[in-house]
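A.B. asks: How does the following fold in three dimensions:
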Amino acid sequence: REGYTIEIIRADMTKPLPFAGETFDLIFHPVSNCYVKEVKSIFKECARILKHGGIMLSGLDNGVNYLVDGEEERIVNKMPFDPLVNEEQRKQLEESDCGMQFSHTIDEQIGGQLEAGLSLTHIYGDTNGEGRLHEMNIECYYATRAVKL
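C.D. replies: Numbers count the residues shown, from 1 in each chain. Reported below is the predicted structural model:
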C-alpha cells in the first residue's frame, strides 16, 4: 500500500548479522531472547549495526512465566530455566510443544544493552494479558527503549 521495498533476510541472531556497521535507524527486537541461551552478544551486534542516535526497542521476558505451572498457581521451577541442563524443564517444554526456551536475568538483558554501549531511555513492564498472573497484576515482560549515543 505504501510502496515500500522490503528485503527479507534470514539470519541467526546468535551470529554476526549480515549488515554493515551503523546501517539502521531503528531495530525492533521482539521477545525472542527466550529462544537462545546467551543474549549479551545479541545486544552487542545490535549496537554495531545501529546508527548513532538510532533506537532499539526490545521486548524482554523477566522469567516469571518459567517459575509457575501451566495454571499459574504453583511455583514449579527453579531459576535459571535451562532445559539443556535440567531434564525436567526440557520435558515441560516438549509436553507443551513450545520449542527450546531459556530464562534470562535483568543483568543479562538490560545490563547487556548497557554493556553494548546503548543508553536506556524508557522501560515499561507488562503482564501476560490474561490468566492468573495477569489477574494478580504480576509483570512478566519488559519493553525497553535504548539509544546508541
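A.B. asks: Which strand in the chain has the most residues?
C.D. replies: strand 50-61 (DSSP state E).
A.B. asks: does the residue lying closest to Thr121 once chain neighbours are set aside count as helix, strand or coil?
C.D. replies: Using C-beta to C-beta, 6 or more residues apart in numbering and skipping residues adjacent in sequence, the residue nearest Thr121 is Arg145, 5.0 Å away. C-betas here are computed from N, CA, C, even on glycine. Counting by DSSP: H, G, I helix; E, B strand; the rest coil, the backbone at Arg145 sits in strand.
A.B. asks: hey, where'd the helices end up in the protein?
C.D. replies: 40-49, 64-67, 87-96, 106-115, 131-135 (DSSP state H).
A.B. asks: Ok, which of those helices comes nearest Met79?
C.D. replies: Of all the helices of the chain, it is helix 64-67 that lies closest to Met79, at 7.0 Å by C-beta to C-beta.
A.B. asks: what's Arg74 in contact with, if anything?
C.D. replies: Contacts for Arg74 (C-beta atoms under 8 Å, 6 or more residues apart in numbering) come out as Val68.
A.B. asks: Counting neighbours, what do you get for the residue nearest to Ser58 when sequence neighbours are not counted?
C.D. replies: Of all residues not flanking Ser58 in the chain, His29 sits nearest, at 4.3 Å (C-beta to C-beta, 6+ apart). For His29, the count of nearby residues is 19 (other C-beta atoms under 10 Å).
A.B. asks: What of the one 4 residues further on?
C.D. replies: The number of residues packed around Asn33, counting by other C-beta under 10 Å, is 24.
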